[in-house]
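>>> Based on what follows, work out the 3D shape:
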Amino acid sequence: MTLQEKTLHRYRQLYPNQPLREISARTGIQITRVFRLFNGKIMKVGELEAFESAINEKIAENPSFAKLSSVVEEASTILTNEELAKIAEYVARKVSAKTFGRFYIKPNYESAIIA
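Next up, the predicted model:
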């Protein structure tokens, strides 16, 4: 996955249902150009920066993410590769549990009780 694809994917994760008109207004990129970018045209550096800026604005709304980012940066310089691998595995498990947990349908035991 290229940097452009990752950036657009991440943008869509943060703003899932945003129409092209709003994307254009938020990034300052013309609406036809936004359409072309989402359909595979190569992005210019300024456009990449505009999308990254919009992503960073959304992330800045969550103070926990800023704290997590700073801790991860500090950990990457201090901890060993083995310790970092354990942390990465733990986070990956948490993410997959949340991802697959969304599709889990909790059984309704109350309706199964026969009075």
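>>> for whichever strand or helix holds Glu22, packing partners?
Element membership for Glu22 (DSSP states H and E) is helix 20-27. Secondary structure elements in contact with helix 20-27, counted by 3 or more C-beta pairs under 8 Å, 6 or more residues apart in numbering; DSSP states H and E, are helix 31-38, helix 45-60. Glycine gets a C-beta too; all of them are placed from N, C-alpha and C.
>>> Same list (those) but as a markdown table, adding distance to Ala97.
Converted to a markdown table, the helices and strands packed on helix 20-27 look like this (distance: least, C-beta to C-beta, whole Å):
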| stretch | distance to Ala97 |
| --- | --- |
| helix 31-38 | 30 |
| helix 45-60 | 22 |
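>>> for those helices, which one sits closest to Glu82?
Of all these, the one in closest proximity to Glu82, counting by C-beta to C-beta, is helix 45-60 (29.0 Å).
>>> What are the buried residues along the longest helix seen in the chain?
Selection of the longest helix in the chain by residue count, based on DSSP state H, yields helix 81-101. Applying a neighbour-count criterion of 16 or more other C-beta atoms under 10 Å, one finds nothing buried in helix 81-101.
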